[in-house]
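Student: just need the structure, nothing else, for what follows:
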Amino acid sequence: MTASGPLGPPASGLEGPPPGRRLLPRVVGLFAPYRARLVWITLAIVVSSGLGIVNPFLTQRVFDDALFVAGGPRLGLLSVLVGLMVAVPLVAALIGVGQTYLTTGLGNHVMADLRNRLFAHMQAMDLGFFTATKTGAIQSRLANDVGGVQTVLTDTASSILANVVTVVSSLVAMLLLSWQLTLVALALMPLFIWLQTRVGRVRRALAARTQTSLSDMTAITQESLSVSGVLLAKVFNRQAFEIRRYREENDRQVDLQVRQTMSGQSFFAVVQTFFGITPAIVYLVSGYAIDRGSAITAGTIVAFTTLQSRLLFPIVQLMRVSLDVQTSMALFGRVFEYLDLVPAVADSTQARELRPDLVRGQISLKEVWFAYPGQPEGSWALRQVSLQVEPGQLAAVVGPSGAGKTTLSYLVPRLYDVRRGAVLLDGVDVREVTLASLADAIGMVTQDTYLFHATIADNLRYAREGADQAELEAAARAANIHDRILSFDAGYETVVGERGYRLSGGEKQRLAIARVLLKNPRVLILDEATSALDTTSERLVQEALETVMRGRTTIAIAHRLSTILGADVIFVIDDGRVVEQGSHSELVERGGIYARLYAEQFASGRVQARCADGVVFADGMVLPHASAASP
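Tutor: Sure thing, here's the model as predicted:
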């Protein structure tokens, strides 16, 4: 279908990374925006690590050229060499401070970028993803998994580079001093590298299991310590069960953390022991070499063992870092797993912007078939649904529970996409317009009103950030909630509490209506907005709804038929199909499903007579015997 009507220029589509890419290049790619800082960090690391091998050579000069020479110590040369030995560590330390500042800033910026990307991608995911995923699991990816890679991003990269430079420079220096002693010092390195690889695989698997357990703990916490969860546990006396459930997962987490920490500790003990005794082996080998006429000097031996001791820490660090990287790869895998998710509902590459001033509000469903994600096509929630609502009309959707009423309301703002057929706004397929502009054109008031733990004013401004106080008050008056807000000590600055628990159901609904009024959408969807309210609250909310519906196209999902008796058109949904449509009087006269629903809600005490044709009610409605409601 060609986009026309209230459409502007094309918008770019949502593009995500292709699945299955290798992790390491993607992790390295996180640093791409900070190339200049990386250059400075690399330069600082190379210089400071290179300075580290200067002192062993100065030590050799001290021993062989300044201290133990014919005629006694050469004090002038000794003073110069000692001065250099003092200056080199000072310069290296100053460079190290600057390097730490640069690397810490870089790592935390990359962490922030990763969190921002993940949060933004989660915002782009479709509603079906969130209905199938625990909120705590999503929170765990953002907090625990991203937090778990912080050390790798802030310290590991620089640590690897610094240690590599140190190891390479030390090895070169050791080879220059004595290649024979170098072979002795590194005899078991191939074995250590092989063992380190084996340990890394174990730790990576443990890290993945640890994060899964941590995710489960977060989910339990989020579910059981929310206001609704605590209320449910208290009402059903299930606090002990919740405590036991959390304790069991916590014990599992402790076990995994201990196993992860201890994996490889014996390996590192062997490595450290080997490097600890290597100087003694070097002394022994040097003694035999000198005994056989070798020209190895005392200065060479001292310089070599100094370098060899200096080699211990960076090699062990590299092995530890390698294990940490492999562990972090499991966490990066979990983060990129979410980043690779492709939203089932997203802007197409040809999507266009709706122009709000040109939206008329005509809604059409053409041969719509829909099944929820994860359900086979045979499990249809809607089947071959076709209907049309003209601009400015109030269209009611009624039917038994589970018939598909709410599902239909989800398709108009593209919270889900149809499997077959099309949903049209002013003759344009909603899949051909951007989600943002579609959301601006459509407002929803649901039965389960969500309010943030913030002030009333903040909750209202969620619809329009720049709304001033006068606009807030005008919307609140139209929604019959202004006077109630002023009755609070803090007025519009009253904090409503978690999910608005400080307010009654009717007050929350009227705040939701005021919020929609601030948004000022051309199309309004009301999903059983009064079904859970008492009579007084329903009357107040209904009056507010009459205000908000004025001049808008409205689709009202109704359980209480009293709220939609004056609808322009009523669609009756049963088993996912539109089985009836017409005005209230037309549907009552037809004596079908709507008439039965009407009788169930209004017929009590109003039976006027029984006759051969059926049951006659006080308002003149006649139902056949087969469908008559009991008086």
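
Student: what kind of secondary structure is the residue nearest to Arg461 when sequence neighbours are not counted in?
Tutor: Leaving aside its chain neighbours, Arg461 sits nearest to Ala467 (5.4 Å; criterion: CB to CB, 6 or more residues apart in numbering). For the C-beta atoms, the positions are set from N, CA and C on the backbone; glycine is no exception. What DSSP: H, G, I helix; E, B strand; the rest coil gives for Ala467 is coil.

Student: phi, psi of Ala467?
Tutor: Note on Ala467: backbone dihedrals following degrees, to the nearest 10 are phi -60, psi 130.

Student: near it, how many other residues are there?
Tutor: The tally of other residues near Ala467 (other CB atoms under 10 Å) stands at 18.

Student: for it, list the residues it contacts.
Tutor: Residues in contact with Ala467, defined by CB atoms under 8 Å, 6 or more residues apart in numbering, are 460-461, 475, 518.

Student: and if you look at Gln150?
Tutor: When contacts are counted by CB under 8 Å, 6+ apart, Gln150 is found next to 107-108, 111.

Student: okay, the contacts of Ala467 in a markdown table with neighbour count, distance to Glu432 and secondary structure next?
Tutor: Shown next, in a markdown table, are the contacts of Ala467 (neighbours: other CB atoms under 10 Å; distance: CB to CB, whole Å; DSSP: H, G, I helix; E, B strand; the rest coil):
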| residue | neighbour count | distance to Glu432 | secondary structure |
| --- | --- | --- | --- |
| Leu460 | 27 | 32 | helix |
| Arg461 | 19 | 31 | helix |
| Ala475 | 26 | 32 | helix |
| Leu518 | 21 | 28 | helix |
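
Student: using the three-state scheme, assign the residue located most distally from the centre of the chain.
Tutor: The centre of the chain is farthest from one residue, Gly71, which by CA atoms, centre = their mean lies 74.9 Å away. Three-state call for Gly71 (three-state DSSP): coil.

Student: ok, it to Ala280 distance?
Tutor: The span separating Gly71 from Ala280 equals 33 Å under the rule CB to CB, to the nearest Å.

Student: Leu411 too?
Tutor: Taking CB to CB, one finds Leu411 at 78 Å from Ala280.

Student: one more: Val86?
Tutor: Distance of Val86 to Ala280, computed by CB to CB: 29 Å.

Student: now the helix or strand where Val165 lies: buried residues?
Tutor: Following DSSP states H and E, one finds Val165 within helix 157-177. For helix 157-177, the buried set under the neighbour-count rule, 16 or more other CB atoms under 10 Å, comprises 157-163, 165-167, 169-171, 173-174, 177.

Student: that one packs against which elements?
Tutor: Counting contacts by 3 or more CB pairs under 8 Å, 6 or more residues apart in numbering; DSSP states H and E, helix 157-177 is packed against helix 35-51, helix 54-61, helix 75-124, helix 179-185, helix 298-339.

Student: the third one vs helix 35-51, what angle?
Tutor: Just to be clear, that refers to helix 75-124. Interaxial angle of helix 75-124 relative to helix 35-51 (axes from the mean of the first three to the mean of the last three CA atoms, to 10 degrees): 150 degrees.

Student: one step back: out of the helices and strands packed on helix 157-177, which comes closest to Leu524?
Tutor: helix 75-124 (23.6 Å; CB to CB).

Student: could you give the separation of the closest one from the chain centroid?
Tutor: Distance of helix 75-124 from the chain centroid (CA atoms, centre = their mean, to the nearest Å) equals 31 Å.

Student: Leu411 and Ala280: which has the busier surroundings?
Tutor: Leu411 (21 against 10).

Student: tell me the bridge partners for the closest residue to that one other than its chain neighbours.
Tutor: Closest residue to Leu411 apart from its sequence neighbours, by CB to CB, 6+ apart: Val423 at 5.1 Å. Per DSSP bridges, the residues bridged to Val423 are Leu365.

Student: good, we can wrap up now.
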